[in-house]
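Participant: what follows is a predicted structure for the sequence shown.
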Amino acid sequence: MPGEAQAARLDFARALKDAALATAVSFAMFLPLIGFNTVLNLRNETVLETRFGTLAVFVAIIAAATFLNTLVLAPWRARRAQRAVSREPGKISQWLSRRFAPFALGFVLIYPALVLSLTGSSGALKWIDNFGIQILIYVMLAFGLNIVVGLAGLLDLGYVAFYAVGAYSYALLAKTFGLSFYMLLPLAGILAAFWGILLGFPVLRLRGDYLAIVTLAFGEIIRLVLVNWIPVTNGYAGISGVPRPTFFGIPFTAGDDGFAAVFGLPFSPIYRTIFLYYLILALALLTAYVTLRLRRLPVGRAWEALREDEIACRALGINTTSTKLTAFATGAMFGGFAGSFFAARQGFISPDSFTFMESATIVAMVVLGGMGSQIGVAIAAVAMVGGTEILRELDFLKEIFGPDFDPTQYRMLLFGFAMVVIMIWKPRGLVSTREPSVFLKERKLISRDLVKEGHG
Amino acid sequence: MEVFVQQLINGITLGSIYGLIAIGYTMVFGIIGMVNFAHGDVFMVSAFIALVALLLVTTWIGIASVTLALLIVLLVAMTLTSVVNWTIERFAYRPLRGSFRLAPLISAIGMSIFLSNFVQVAQGPRVKSIPPIVSGEFVLFGGETYPVTLSAKQLIIWVVTAVLLAAFWYVVAKTSLGRAQRACEQDRKMAALLGIDVDRTISITFIMGAALAAVAGTLYLMYYGVISFADGFTPGVKAFTAAVLGGIGSLPGAVIGGLLIGLIETFWSAYFTTDYKDVAAFSILAITLVFLPQGILGRPDVEKV
């Protein structure tokens, strides 16, 4: 057919036109922000410097990308979209949801030993602490938020508030009353759950974007109170000297009753790090396990029903008030656990750790992971935190771009960009298939094309 | 009395800036039902564009007339910010139209992070300042002890805001473009069936929102004389609060909400404490949404099964 032949041929004229438009637009966009640099001179006045070379490079890259996109990528995607909607989920997502979990679990269990054997005790500290513990804290937070956003479908942009409640509860109670970590961990979770209910009450009637904005407001209010309530929280200066967790009563110190001495080992900070790693791993797995079990209980099914259709839920006699409140409280409780672990691991907390950016990061993990899929959420957390952490390690880039090049500067820039790109590429997240908790005869995965989102 | 009138003047000035940003939120929400989270950062980008344009115009080209310089800066900022917002819509939001509800919001949050960090990397993390360009003030009354003043800067903000809002109201209420926008707001599919180019209308809505945000950015820079890459978030959230307070989707509501938020913030700082002024603004947002979700001028959201 002539029409198809025309469409299949590379459309150079159109690609050139698009590239020209992209050149003009990107030139206009980048001229003020990249073409000029505002710097303070010695007299403390703001003056302009030009960077037209960089500007030219940027514009050229964007023009080339647009050209290739129109020429090759867009027709290819159009052809792919024409194919029939498949009812069966793809092979990769089937494999991911069935076989991947045991592999991943095995890997995280032996991770400290693996790193130790590869890099030795001094190098391993960084890998276990910066990568292992850091990522697992976010995995745990994302699992906790997954209950609220992924299962109950309530978009919470202020989740970090509960993280902060947990962290400050532990820090203040441990410092004031000298209570141990193991006593305060459940207490911090309970306090955070109370805050979840407290904040949940007024927003019960709201849905969707409105709910998101009110929870954002609550998150900011809690942070601003932490900043301004100086007699209790010490404001921006934060609380330092937070007691560290012990090995069930044995502290990780160099003294005679320390962990190393008791077990007859040479003293090294690595023991504490490894212990903290397994502690947060246990907490994260607990969160995942509880979520899995809750999904099979009536309350978990009510959450998922609420996500799919709130009106139908109410019509079937589900009490939406208590359903929403339990989701908020359960999610908040795990946030509180993670917060008290964070305070105990850092030994120092300040309101800077609980900004809106943290909430947005955790929400991004849940949504990019595929809203409700535990594996997907964990993969998204590993990719996003690990990906940005790894930028710190890319020293070889300095040899390409010169010694002034600092990859860590671009961490959040790439993070935001990746969020947009992943959303465009896979709007339903990385693992978008659903595994039903109730099934007839045979358990089947539900393809993403058949998954409908509710309006909650 | 003197304190009250002075705070009233300051509050209206701040409220005008919030109102201008709020219109961008309310229009986009009205037409495609999404919270354009990056709008606060678009405002911040526009202030940076205005900063660069101002330095170019005054130090490089050497235009001495303040009025002419400000006018050029305003036009440049409006044009370039419109291009930026048009691109953002095209790249980050249009592919997600018709996708599930959270997708555009997440994309907008990503865009917001991207914009603020882009400016941080491109222009440096330090706060940029400019020397005061407009000076002079009028003493209204009050005499020696506490003179109530209206500065020239504040007058400029009032006049520019009023003129632009009038022009804007004319476009939305009287032109065919405004009619197309209102049609898309009511029913996008029907509007498309009746021959309205929906994509183009939505693009123009983003451009209009960005132009008004650029006005706010330029006025903000002129009024405060400082801007930094992190200055987008808080004004953005407050402007969104203003849009919600006035009734999201309603243009006069956005302006009224902006003025209210500006007044509440200034009076709170003047009579209570500045520490908790942001808490006050956020609490108003929460209280409004809980007790008056449709806002002052908005229509109640009727839900159909």
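Facilitator: All right, it came through fine.

Participant: please make it C-alpha for all contacts and neighbour counts, starting now.
Facilitator: Fine.

Participant: what is the burial count for the closest residue to residue A:378 other than its chain neighbours?
Facilitator: Excluding the flanking residues, the one nearest residue A:378 by Cα to Cα, 6 or more residues apart in numbering or on different chains is residue A:139, at 5.6 Å. By the criterion of other Cα atoms under 10 Å in any protein chain shown, residue A:139 has 30 neighbours.

Participant: report all helices and strands that the one helix or strand residue A:139 maps to contacts.
Facilitator: Taking DSSP states H and E as the criterion, residue A:139 maps to helix A:134-146. On a contact count with 3 or more Cα pairs under 8 Å, 6 or more residues apart in numbering or on different chains; DSSP states H and E, helix A:134-146 meets helix A:270-296, helix A:320-346, helix A:356-369, helix A:374-381.

Participant: buried residues, the first one. List them.
Facilitator: Within helix A:270-296, the residues that qualify as buried are A:270-281, A:283-285, A:287-288, A:291, A:295, counting by 16 or more other Cα atoms under 10 Å in any protein chain shown.

Participant: repeat that for stretch B:164-172.
Facilitator: If you call a residue buried by 16+ other Cα under 10 Å, then stretch B:164-172 has these buried ones: B:165, B:168, B:172.

Participant: try stretch A:383-394
Facilitator: Of all the residues in stretch A:383-394, those buried under the rule 16+ other Cα under 10 Å are A:383, A:384, A:385, A:386, A:387, A:388, A:389, A:390, A:391.

Participant: near chain A, which residues of the stretch 1-150 of chain B?
Facilitator: Within the stretch 1-150 of chain B, the positions near chain A by Cα under 8 Å from any Cα of the partner chain are B:34-35, B:48-49, B:52-53, B:55-56, B:80-81, B:83-84, B:87, B:92, B:95-96, B:99-101, B:103, B:106-115, B:117-119, B:121-123, B:128-130.

Participant: of the residues you listed, buried ones?
Facilitator: By 16+ other Cα under 10 Å, the residues of the stretch 1-150 of chain B next to chain A give B:34-35, B:48-49, B:52-53, B:55-56, B:80-81, B:83-84, B:87, B:92, B:96, B:101, B:103, B:106-115, B:117-119, B:121-123, B:128-130 as buried.

Participant: so which of the residues you listed are in strands?
Facilitator: Counted as lying in strands by DSSP state E, out of those, are B:128, B:129.

Participant: surely residue A:370 and residue A:377 touch.
Facilitator: Yes: Residue A:370 lies in contact with residue A:377 (Cα atoms under 8 Å); the separation is 6.6 Å.

Participant: those two: who's more crowded?
Facilitator: The neighbour comparison of residue A:370 against residue A:377 (other Cα under 10 Å) goes to residue A:377, with 31 against 26.

Participant: and residue 112, what does it touch?
Facilitator: No chain was given, so I picked chain A. By Cα atoms under 8 Å, 6 or more residues apart in numbering or on different chains, the contact list for residue A:112 reads A:124, A:128, A:274.

Participant: hm, I was asking about chain B
Facilitator: Neighbouring residues of residue B:112 by Cα under 8 Å, 6+ apart: A:416, B:37, B:38, B:39, B:40, B:41.

Participant: quick one: which of these is nearest residue A:217?
Facilitator: Residue A:217 lies nearest to residue B:37 out of the contacts of residue B:112, by Cα to Cα, at 13.6 Å.

Participant: give me every residue that touches the closest one.
Facilitator: Contacts for residue B:37 (Cα under 8 Å, 6+ apart) come out as B:105, B:108, B:109, B:112.

Participant: likewise for residue B:83?
Facilitator: A:25, A:28, A:29, B:207.

Participant: who wins on neighbours among those?
Facilitator: Counting neighbours by other Cα under 10 Å, the top entry in the contacts of residue B:83 is residue B:207, with 24 neighbours.

Participant: my read: that residue touches residue B:86, true?
Facilitator: Yes: at 5.9 Å, residue B:207 counts as touching residue B:86 under the criterion of Cα under 8 Å.

Participant: what's the neighbour count on the spatially closest residue to residue B:117 that is not a sequence neighbour?
Facilitator: Among residues not flanking residue B:117 along the chain, residue A:413 sits closest, at 5.1 Å (Cα to Cα, 6+ apart). Using other Cα under 10 Å, residue A:413 is surrounded by 23 other residues.
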